[in-house]
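1. got a predicted structure here, sequence first:
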There are 2 protein chains.
Amino acid sequence: MPRNRQHIPRDERASELLAAATRVFVANGYAATTMTDISQAAGVARANIYWYFPSKDDVFAAVMNELYGAEIAELKSRNADLDAYTRLVTGLKQLYPYRSLHLEMHPRIEHSRAIHDSHETFMSWIRGLVHEVVDQAGAGIDKQMLADVIVATFEGARAPSETRPANELIPFILDTVLGGTVLLYRREIDQ
Amino acid sequence: MPRNRQHIPRDERASELLAAATRVFVANGYAATTMTDISQAAGVARANIYWYFPSKDDVFAAVMNELYGAEIAELKSRNADLDAYTRLVTGLKQLYPYRSLHLEMHPRIEHSRAIHDSHETFMSWIRGLVHEVVDQAGAGIDKQMLADVIVATFEGARAPSETRPANELIPFILDTVLGGTVLLYRREIDQ
DNA sequence: ACCTGAACACCGTTCAAGT
DNA sequence: ACCTGAACACCGTTCAAGT
């Protein structure tokens, strides 16, 4: 076993580390996993991670970018023809497995620009979908306020009060507030 | 200066520690304050805190119990004659200064029974108020679902997506969903 | 350029030793 | 019973030394 592996291109090695980190973070969460855990899962020395990532927060941000990026790309291609309401609720359902990792980003956002940016990228995707849906609202309602309510509901669902998941709470809000406009699509999602 | 102070009753000494911890937590948040910070603010050795509290989490829980307990007691006595809607919104406004400390409880809940209990006590107070308000809803709406939406909105407001505070989001939900039933009270709160 | 073991800094917690 | 300084365990990060 060679002491270094410089024949492996940098990007590939970084991807191996990322894959290992993803496994460990998904299994145990952010706070509970140590740099030692990640390095062992990747089969390298703990210090070696710092040649590829500046900090544990940056590893976390890269993991979340990959997880969210893959899901969002898939949702975009697979559902491009569907209406905004269906795309939003399908997305919420699809992303539910990463719920607790998402919540663990919150306390890190103010300490890490990478995590701030990763969170913001994801939230602006959600916000975009929400605005698409909310724009169908009637003249009487404050669309920006409704969008804020939905974003807050998303951030707060299961965090950690034992409410229902976001993909149940948010359709309720939309159905109640927007009324019949949106109810047409319910059948496709509830299967 | 005596090396010990056993002439001071235990409860009083614990209160001094709690007061010092409260100051530091309110000023800098939970994660950013160390046991050293607390001990220095109280003028004792770091290790001494452990004679009164089992852990940092327990100090935090005690601080939150005091903060919330005082606010809730005051709200109950001062607003006993008002309707539930007004009491809820007044409470949300009053508790806003402790927003970030509340959010810092979330990641600790699963690791500390004391924090879990403190959070739960507070949330069930909110939940009670929410149910009082929601019970005015018409026959057509799922009251339990609406209550869950409001609780999720509370937990997610400003956490950390730049939505409006809970005391703006939640009245919007209630006004929109419950309609005129509740609108009567708006003037008293918006002063 | 890449990788490592050892050391460093920090922090929550424990403990033997004081009064 | 109460209080302390020192030590311990753990973890993220740095660094000098290897290939």
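-> Alright, I've got the coordinates. Numbers count the residues shown, from 1 in each chain, chains lettered A, B, ... in the order given.
2. for DNA strand C, what's its nearest residue on chain A.
-> Distances between chain A and DNA strand C by Cβ to the nearest atom of the strand are smallest at A:Ala47, namely 2.8 Å. Quick note: C-beta positions are derived from backbone N, CA and C, even for glycine.
3. can you tell me the closest non-neighbouring residue to A:Asp58?
-> A:Ala114 (4.8 Å; Cβ to Cβ, 6 or more residues apart in numbering or on different chains).
4. what does A:Thr36 give?
-> Spatial nearest neighbour of A:Thr36, chain neighbours left out: A:Arg46 (5.3 Å); criterion: Cβ to Cβ, 6+ apart.
5. do A:Gly156 as well
-> Counting by Cβ to Cβ, 6+ apart, B:Gly156 is the residue found nearest to A:Gly156 once chain neighbours are left out, at 2.4 Å.
6. what's the answer for A:Leu67, then?
-> Ranked by Cβ to Cβ, 6+ apart and with sequence neighbours excluded, the top spatial neighbour of A:Leu67 is A:Tyr98, at 5.7 Å.
7. isn't the one you found right up against A:Tyr68?
-> Yes - judged on Cβ atoms under 8 Å, A:Tyr98 makes contact with A:Tyr68 at a distance of 7.3 Å.
8. now A:Thr34: phi and psi?
-> A:Thr34 has phi and psi values of phi -100, psi 170 when expressed as degrees, to the nearest 10.
9. over to A:Ile109?
-> When quoted as degrees, to the nearest 10, the phi and psi of A:Ile109 stand at phi -60, psi -40.
10. just the pLDDT for it.
-> pLDDT, the model's per-residue confidence, is 97 for A:Ile109.
11. and what of A:Asp142?
-> Listed pLDDT for A:Asp142 reads 92.
12. how about stretch A:69-82: buried residues?
-> Buried residues in stretch A:69-82, defined by neighbour count with 16 or more other Cβ atoms under 10 Å in any protein chain shown: A:71-72, A:75, A:79.
13. let me know the closest of the residues you listed to chain B.
-> Nearest to chain B, judged by Cβ to the nearest Cβ, of the buried residues of stretch A:69-82 is A:Ile72 at 17.0 Å.
14. so the closest one touches A:Trp125, yeah?
-> Yes - counting by Cβ under 8 Å, A:Ile72 sits close enough to A:Trp125 to count as a contact (5.8 Å).
15. excluding covalently adjacent residues, which one is nearest to A:Leu18?
-> Of all residues not flanking A:Leu18 in the chain, A:Ala62 sits nearest, at 5.7 Å (Cβ to Cβ, 6+ apart).
16. residues making contact with the host helix or strand of the one you found?
-> Following DSSP states H and E, one finds A:Ala62 within helix A:56-78. For helix A:56-78, the external contacting residues (Cβ atoms under 8 Å, 6 or more residues apart in numbering or on different chains) are A:17-18, A:21-22, A:25-26, A:30, A:35, A:38, A:49, A:53, A:87, A:90-91, A:94-95, A:98, A:101-102, A:105, A:108, A:111-112, A:114-115, A:117-119, A:121-122, A:125.
17. following it, which helix or strand shows up next?
-> For helix A:56-78, the following helix or strand on the C-terminal side (DSSP H and E) is helix A:84-95.
18. distance from the next helix or strand after that following helix to the middle of the chain?
-> Moving toward the C-terminus from helix A:84-95, the next helix or strand (DSSP H and E) is helix A:99-105. Put simply, helix A:99-105 sits 8 Å off its chain's centre (Cα atoms, centre = their mean, to the nearest Å).
19. give the contact list for the residue nearest to A:Thr36.
-> A:Arg46 sits next to A:35-36, A:39 when contact means Cβ under 8 Å, 6+ apart.
20. now those residues as CSV including pLDDT, neighbour count and distance to B:Val149?
-> Converted to CSV, the contacts of A:Arg46 look like this (pLDDT from 0 to 100; neighbours: other Cβ atoms under 10 Å in any protein chain shown; distance: Cβ to Cβ, whole Å):
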residue, pLDDT, neighbour count, distance to B:Val149
A:Met35, 98, 16, 39
A:Thr36, 98, 11, 41
A:Ser39, 98, 19, 43
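21. so which of these are in strands?
-> The strands, defined by DSSP state E, take in nothing from the contacts of A:Arg46.
22. what about A:Glu132, which helix or strand?
-> helix A:113-134.
23. who are the packing partners of that helix?
-> Packing partners of helix A:113-134 (3 or more Cβ pairs under 8 Å, 6 or more residues apart in numbering or on different chains; DSSP states H and E): helix A:56-78, helix A:84-95, helix A:99-105, helix A:143-156, helix A:166-178.
24. ok, 7 Å please
-> helix A:56-78, helix A:84-95, helix A:143-156 (3 or more Cβ pairs under 7 Å, 6 or more residues apart in numbering or on different chains; DSSP states H and E).
25. and the nearest residue to A:Met105 once chain neighbours are set aside, how far from DNA strand D?
-> Of all residues not flanking A:Met105 in the chain, A:His119 sits nearest, at 5.0 Å (Cβ to Cβ, 6+ apart). For A:His119, the distance to DNA strand D (Cβ to the nearest atom of the strand, to the nearest Å) stands at 18 Å.
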